[in-house]
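> task: produce atomic coordinates for the following.
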Amino acid sequence: MNTLNYLIYPFHTLLVFISVVGYGLVLNRVLKIDNNLLNLKNIVFIKGLFFIGIILGFVNLFFAINNNLSIAVIIIGLFLYFLLSKNNLLKSHELKLIFFILIFSSFFTIFSGVNDDFDYHLEIINNYKSENLFGIEHGRRTSYNNFWLFLNSIFILDYFSSTYFTIGSILYSIAVYDTYKLFKKSIKNENFYVGIFSLFLLIFLLGVLNNFKDFGTDVPGFILLSYIFFFLLYKSFDVNENYTNEELFIILILACTAFVLKITNTLIFLYLSIIFLNLKFSKINFLKLLIPLTIIVIWFFQNINISGCLIWPIEITCFKNNTLAVEESYLIESFAKGDINTGISVESFSWIQTWFKNHFDKIIETYLLFIILILL
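Have a look, this model is predicted:
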């Protein structure tokens, strides 16, 4: 990045953070959602991303998400923030958060590495920047539609390359901030289960997931799932065992958004269904709880128009391109089981030796320190 990119990055980060929070405040106001549980700053930011994703999902049916539209989204969000925030930006705790985000994200954006999938993800983002939904054609790269990349396209100004990393760095930075604050608060209040979970998550965020400036789609979903476990752990030791409508709504927003960021996150719904079977609820508004599903409906609609499948390349979900989906599924499975050349047999357990040879060293390099800390 050139000097101008370095200068633009913190300014763009500040504006995007305030703007997204502005949309989150609108969602709070319209749906009357309480944000006080655990006082996690990332929740309103995530709800802002959720709300923007729904709005721009409809807008993208007719317009490409070009730079002018991105600037308009940011400006409208800034207006909404200052209209609804009651000057929260000037309060000391908000200023501390903003200062932390700017310093922390700027430092890691400069020094952290870039994901191997940078070009792969960039092509999907550029499609949204240049075409409306119906103009995006099926292709090996473009059909792997990921809602995180769609959200990135909304805030990217493609004449400043540093803006490609903004919302990822904000989400990651606030997660570190929230986790540290929750750790201190939980230990002080002797809620040791939440405190221990927060401590290990903080170590994992800083020690393992610190190359956050890339376009990787795994980390954002992981962060959202972590917040779900914050809520579940906290409520497990709450004297009032009932889940309110607001708490369930937040959990479902986190779960549905995590799903459209990475389909393997769908396992959270199985986990939540098991948990909720044994819980008590009070004043449940089932109609309101359907709202988080909107983001999944929009994502499915995007997928059908791009690839002909609800989820590419799961062949059973395809309305067309079925043969291509079967071939692509084999390539994915072969690659995932350790063969870069995607030529091994994926049947039985013959692939284990290949996977072990190609991945074991990388796993030890990435996770050894964290494993040692857990054992200690």
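> how about low-confidence regions in the stretch 201-350 of the chain?
Low-confidence segments of the stretch 201-350 of the chain (pLDDT under 70): 210-216, 237-241, 278-283, 337-350.
> give me that answer again for 50
Nowhere does the stretch 201-350 of the chain drop to pLDDT under 50.
> all helices of it, in order?
Ranges of helices in the stretch 201-350 of the chain, per DSSP state H, counting those that start in this stretch, are 218-236, 245-261, 267-276, 286-289, 294-307, 322-336.
> Leu224 contacts Ile251, correct?
No - in this structure, Leu224 is not within contact of Ile251 by CB atoms under 8 Å, at 10.3 Å. (Each C-beta comes from the backbone N, C-alpha and C, glycine too.)
> distance check, the residue nearest to Leu206 when sequence neighbours are not counted against Asn42.
Spatial nearest neighbour of Leu206, chain neighbours left out: Val176 (6.8 Å); criterion: CB to CB, 6 or more residues apart in numbering. For Val176, the distance to Asn42 equals 10 Å [CB to CB, to the nearest Å].
> still on that earlier bit, more neighbours: Leu224 and Ile251, which one.
A direct count of neighbours by other CB atoms under 10 Å for Leu224 and Ile251 places Leu224 higher, at 25 against 22.
> OK, contacts around the more buried one?
46, 254-255, 257-258, 261, 265 (CB atoms under 8 Å, 6 or more residues apart in numbering).
> same question for stretch 9-21, mean pLDDT?
For stretch 9-21, the mean pLDDT works out to 93.
> quick thing: my sequence starts at 849, can you match it?
New numbering, starting at 849: the last item is stretch 857-869.
> in it, what's buried?
857-858, 860-861, 863-869 (16 or more other CB atoms under 10 Å).
> report the two of these separated the most.
The most widely separated members of these, counting by CB to CB, are Tyr857 and Val869 (18.6 Å).
> and the gap between Ser1017 and Gln1150?
When distance is defined by CB to CB, Ser1017 is 25 Å away from Gln1150.
> in the stretch 949-1098 of the chain, which spans are strands?
Counting by DSSP state E, counting those that start in this stretch, the stretch 949-1098 of the chain forms no strands at all.
> do you know how far the most centrally placed residue in the chain is from Asn936?
Among the residues of the chain, Pro1068 comes closest to the average C-alpha position under CA atoms, centre = their mean, at 3.1 Å. As judged by CB to CB, Pro1068 and Asn936 stand 25 Å apart.
> ok, now Asn1090?
Applying CB to CB to Asn1090 and Asn936 gives a distance of 29 Å.
> same thing with Thr1142?
Thr1142 sits 27 Å away from Asn936, going by CB to CB.
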